[in-house]
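Novice: quick one, fold the following:
(one chain, ligands or ions: 1)
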Amino acid sequence: MYPLFSNKEKKNSQEQLEKEALDPQRIPNHIAVIMDGNGRWAQKRHLPRVVGHKQGMEVVEVITKAASNLGVKVLTLYAFSTENWKRPVDEVNYLMDLPVKFFNRFVPELISHNVQVNVMGDESKLPKKTQVAVHNAIEQTKSCDGMILNFALNYGSRTEIVEATKKIARDVKDEQLDESQINDEIFAKYLMSEQLHPYNDPDLLIRTSGEQRISNFLLWQIAYSELVFTEVYWPDYKPQNLYEDILKFQQRNRRFGGIKA
Ligand code: FPP
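Specialist: Residues are numbered from 1 along each chain as shown. Alright, predicted model coming up:
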């Protein structure tokens, strides 16, 4: 007798079930992801670390589509931190080439999904070819008004906060801003995440690979985010994992410092 479902169909039906378990009215507007575990994924297979990054890039495409289909408004992906320059030069070069490869291949598909590309981080330190690829992608997708795919590239949260503080100090000195006006709302306007307004702050932060730390990512913005740490290495992360993590988010009781609703 033939099996009723092939393995692929079984997988798809499981994925579908996970998706259907979600409350479409409570999809997080902004999801941020620390895409960790590329190196370990590759090492487990006796492959060079960069193969993990390459597979990680493929996963970015799949998860971008899945998030956009769910109605997520902003997907922020930590692609390169200000600390990642400490890695071996070959690996850094490879990571700097990934946005070039990614945008060359996927911009038409991003446009067909109405996805707008955004980048936060110090772009001036990126190699010229990476800067050009990023700028072209931003330009080509600027009229897309669906989900924002926001890459954190050469991003570090402490630097972001220090730079915001310097700008505020300058504005106070130039009498553009009065010290008495500075509050949370005004401070947030000086951060890079203001480009994502009104979805500056992630509702859900996911870190893959079993590590449970923040690694200088969106320190201000995650004050009230729900944190989900999953064991899955990023290159193995599937839409089904995203649905499961969103379900965990939906099962939480967000109180923002208040009392139970
Ligand atoms: C952390 O894993 C991952 C990174 C530093 C790079 C993340 C980049 C990608 C997933 C690809 C990005 C794609 C685009 C389009 C820019 P790790 O290397 O620290 O893994 P490990 O902890 O297992 O060593």
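
Novice: and the closest residue to the ligand within the stretch 101-250 of the chain, its phi and psi?
Specialist: Nearest to the ligand, among the residues of the stretch 101-250 of the chain, is Phe102, at 3.4 Å (Cβ to the nearest ligand atom). The way it works is simple: take the backbone N, C-alpha and C, and place the C-beta from them, glycine included. Phe102 adopts backbone torsions of phi -60, psi -50, taken as degrees, to the nearest 10.

Novice: residues near the closest residue to it other than its chain neighbours, how many?
Specialist: The shortest distance from Phe102 to any non-neighbouring residue, by Cβ to Cβ, 6 or more residues apart in numbering, is to Met57 (5.5 Å). Met57: 20 surrounding residues under other Cβ atoms under 10 Å.

Novice: ok, Met57 touching Leu98?
Specialist: Yes. Assessed by Cβ atoms under 8 Å, Met57 is found in contact with Leu98 at 5.3 Å.

Novice: mind listing what the closest residue to the ligand within the stretch 51-200 of the chain touches?
Specialist: The nearest approach of the stretch 51-200 of the chain to the ligand comes at Gly56, 2.8 Å away (Cβ to the nearest ligand atom). Neighbour list for Gly56: Met35, Asn38, Trp41, Trp234, Pro235 [criterion: Cβ atoms under 8 Å, 6 or more residues apart in numbering].

Novice: what's the helix or strand where the third one lies packed up against?
Specialist: Taking DSSP states H and E as the definition, Trp41 sits inside helix 38-44. In this structure, helix 38-44 packs against helix 49-70, with contacts taken as 3 or more Cβ pairs under 8 Å, 6 or more residues apart in numbering; DSSP states H and E.
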